[in-house]
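Need coordinates for the following:
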Amino acid sequence: MVGVDVNWLAFVGVVMVAYLVPGPDFVVILRAATRGWRPGVAAALGAQLGLCVHVGLAVVGLSVVLSRHPELLTTIRVLGGLYLLYLAGRLVVPTFGAARGRQGDGDLRHAGRTAFGQALLTNLLNPKAILFFVAVLPQFVSGPAPTWLQVAVLGALDVALGVLAWAAVILAGARLGRLLERDRVRRWWDRTVGAGLGMLGGGLVVTRD
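Next comes the predicted model:
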């Protein structure tokens, strides 16, 4: 593109690694996909909408402002951690005791909307997404084009690459879902995923900037 001089191969590599190394978005989308491809797609759309918000913030420079105010990033980090702990509780608690029979009823009844909302909030409250656009993406900005335009182009490519990455995760989740049809297996899966989300959330809450 005229005015945008980017090492595209390096940028694509960095972005794909960021997508496919398991994190909150990855876990939420994979878990949704094990319930069916529709919840998986809805979760992916939610995560990418959140990413679009981050791109928009980066374009107008608000991400830089946030990065210079540690107290704001701390608030986002703690809220993100608490939300992941909440999701972990929603997964794990119903797998025990009398609540077992009601496990996932709300998720199954409104699977698409639930998955979309969970992935959207998970992405929006992820401080690492902000830091990516503050610390990593600027390293690829060069050339005579305005900075905001280059950030917008790189951000749009990031979102597009995410569609490919999440498509692979959704396919894997759909296949995995076939192995989780037995209630007992599904309960242990939800406990494992919940424990993973809990560790991620707890890590965000206790981490010191």
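
What's the first helix or strand after the helix or strand bottoming out on mean pLDDT in the chain?
In the chain, no helix or strand scores lower on mean pLDDT, DSSP states H and E than helix 105-109, which sits at a mean of 47. Downstream of helix 105-109, the next assigned helix or strand under DSSP states H and E is helix 111-124.

Following element in sequence after that next one, please.
Taking DSSP H and E, what comes next after helix 111-124 is helix 127-131.

Check what contacts that following helix and list those residues.
Under the contact criterion C-beta atoms under 8 Å, 6 or more residues apart in numbering, helix 127-131 has outside partners 23, 50-51, 54, 57, 63, 66-67, 73, 76-77, 80, 123, 204. The way it works is simple: take the backbone N, C-alpha and C, and place the C-beta from them, glycine included.

how far does the lengthiest helix in the chain sit from the chain's center?
Across the chain, the longest stretch assigned as helix under DSSP state H is helix 147-178. Centre-to-centre, helix 147-178 and its host chain are 10 Å apart (C-alpha atoms, centre = their mean, to the nearest Å).

how about that helix: buried residues?
By neighbour count with 16 or more other C-beta atoms under 10 Å, helix 147-178 contains the buried residues 150-155, 157-159, 161-162, 165-166, 169-170, 173, 177.

ok, the most centrally placed residue in the chain - contacts?
When C-alpha atoms, centre = their mean is applied to the chain, the residue found nearest the centroid is Asp25 (2.3 Å). Each residue near Asp25 by C-beta under 8 Å, 6+ apart is listed here: 19, 47, 119, 122-123, 126.

State the pLDDT value of the most far-flung residue of the chain relative to its centre.
Residue farthest from the centre of the chain, counting by C-alpha atoms, centre = their mean, is Pro144 at 32.5 Å. With respect to pLDDT, Pro144 has a value of 77.

ditto for Val65
So Val65 comes in at 76 (pLDDT).

and if you look at Asp190?
Reading off the confidence values, Asp190 has pLDDT 91.

Quick one: classify it as helix, strand or coil.
Secondary structure assignment for Asp190 (DSSP: H, G, I helix; E, B strand; the rest coil): helix.

For it, give its distance to Arg35.
Counting by C-beta to C-beta, to the nearest Å, the separation of Asp190 from Arg35 is 10 Å.

same question, Gly89
Distance from Gly89 to Arg35, counting by C-beta to C-beta: 18 Å.

low-confidence ranges in the protein?
Within the chain, the ranges that satisfy pLDDT under 70 run 1-6, 63, 67, 97-109, 208-209.

swap the cut-off to 90 and go again
1-10, 17-18, 20-22, 35-36, 58-74, 94-113, 127-151, 178-186, 204, 206-209 (pLDDT under 90).

which residues sit against the helix or strand hosting Arg90?
Assigning secondary structure by DSSP H and E places Arg90 in helix 70-92. The contact list for helix 70-92 (C-beta under 8 Å, 6+ apart) reads 24, 28, 31, 66-67, 118, 121-122, 125-127, 130-131, 190-191, 193-198, 200-207, 209.

likewise stretch 155-166?
So stretch 155-166 is contacted by 11-12, 15-16, 19-20, 29, 40, 44, 47-48, 51-52, 54-55, 58-59, 133, 137 (C-beta under 8 Å, 6+ apart).
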